[in-house]
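> the following block contains a protein sequence and its predicted model.
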Amino acid sequence: MCGRFALTATPDAVQSMLGVMELDPFPPRYNIAPTQPILMALSGPSRAPGSNLPSRSALLVRWGLIPSWAKNPADLPLLFNARSETAAQKASFKTAMRHRRALVPASGFYEWRRVGNKRAEPYWIRPRHGGVIAFAGLMESWSEPGGTEMDTGAILTTEANARLKGIHHRMPVVIEPQDFERWLDCLNQEPRHVADLLKPAEPDFFEAIPVSDKVNKVANAGPELQDRAERPADAITAEKKSSDKDDQLTLF
């Protein structure tokens with residue numbers, strides 16, 4: 001799953017990566033949580049004549065998709081993630097999957113590894129090459145009874161790759177830059193045409209860094225959340241065994 005992530009890149013870096021019009025300034029965000037606003041990029045109007053740049057629009061949405069048919073969001077669970085394997089069939093996501101696929105810029109995400117029955121250890125999971133990446137997202141607009149419209153969204157997830165499954169069995173789908181155009185093209189590309197993009201990142205794409213449990217509290221939002229934390233010896237041993245096993249599996 002993906003319940004927290006960060007976007008610490010500059011607006012210029014995000015703009016360049018997404019291929020969108022100039023973005024308004026925004027500060028680095030180290031602990032983005034569901035119900036908070038997140039940035040999404042969608043396919044925009046047709047590109048200007050003679051332009052080689054893709055036409056994409058950026059907007060802020062509430063992280064937690066509300067289907068357009070929902071009468072009362074309080075009656076629904078908080079839909080901040082969508083399983084990529086079933087999104088095209090699920091009533092809550094199938095319309096967005098067909099008409100409003102999006103990109104969610106991120107610097108990485110947080111995940112928790114369950115240790116025993118009580119303790120969960122947080123990790124900051126970031127791309128090894130650094131920089132900003134794009135998660136696969138879905139956007140949906142919902143109209144309140146009073147007529148006010150709210151844009152909402154979810155992040156698509158898939159099974160974890162061999163490197164990360166020792167922490168959690170799910171991970172966000174990462175869309176590579178060369179696939180942006182196809183993923184966002186909802187006019188010509190049906191969900192079945194882009195299903196091949198909904199796969200785990202390569203095992204060496206991310207690195208996982210143990211961090212303190214300060215990230216558990218949404219109110220904590222500083223860069224210290226991503227500092228490496230010491231961990232008990234038993235946890236280190238457990239992680240090494242899991243990693244060794246995963247490495248062996250990747251040979252076959």
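Received, thanks.
> any regions of the stretch 151-252 of the chain where pLDDT drops low?
Counting by pLDDT under 70, the stretch 151-252 of the chain has low-confidence residues at 232-252.
> do a quick rundown of the helices in it.
Using DSSP state H, counting those that start in this stretch, the helices of the stretch 151-252 of the chain run over 180-184, 233-249.
> name the residue closest to the centre of this protein, please.
For the chain, Phe135 is the residue whose C-alpha lies nearest the centre (CA atoms, centre = their mean; 4.1 Å).
> what mean pLDDT does the helix or strand that contains it have?
Secondary-structure assignment from DSSP states H and E places Phe135 in strand 133-143. On average, the pLDDT along strand 133-143 is 96.
> flag every buried residue along it.
The neighbour-count check on strand 133-143 (16 or more other CB atoms under 10 Å) flags 133-140, 142 as buried. Where C-beta positions appear, they are placed from N, C-alpha and C, glycine not excepted.
> adding distance to Trp183, write the residues you listed out as TSV.
Below are these laid out as TSV (distance: CB to CB, whole Å):
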residue	distance to Trp183
Ile133	13
Ala134	9
Phe135	11
Ala136	7
Gly137	10
Leu138	11
Met139	13
Glu140	17
Trp142	23
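> which one of these sits closest to Glu111?
Phe135 (13.4 Å; CB to CB).
> show me the beta-bridge partners of that closest one.
Val104, Val174 (DSSP bridges).
> hang on, it packs against Trp183?
No: assessed by CB atoms under 8 Å, Phe135 is found out of contact with Trp183, at 10.9 Å.
> now do the shared contacts for these two.
103, 175 (CB atoms under 8 Å, 6 or more residues apart in numbering).
> coming back round to it: for the residue nearest to the centre of the chain, list the residues it contacts.
Here Phe135 is in contact with 2, 5, 103-104, 106, 109, 155-156, 172-175 (CB under 8 Å, 6+ apart).
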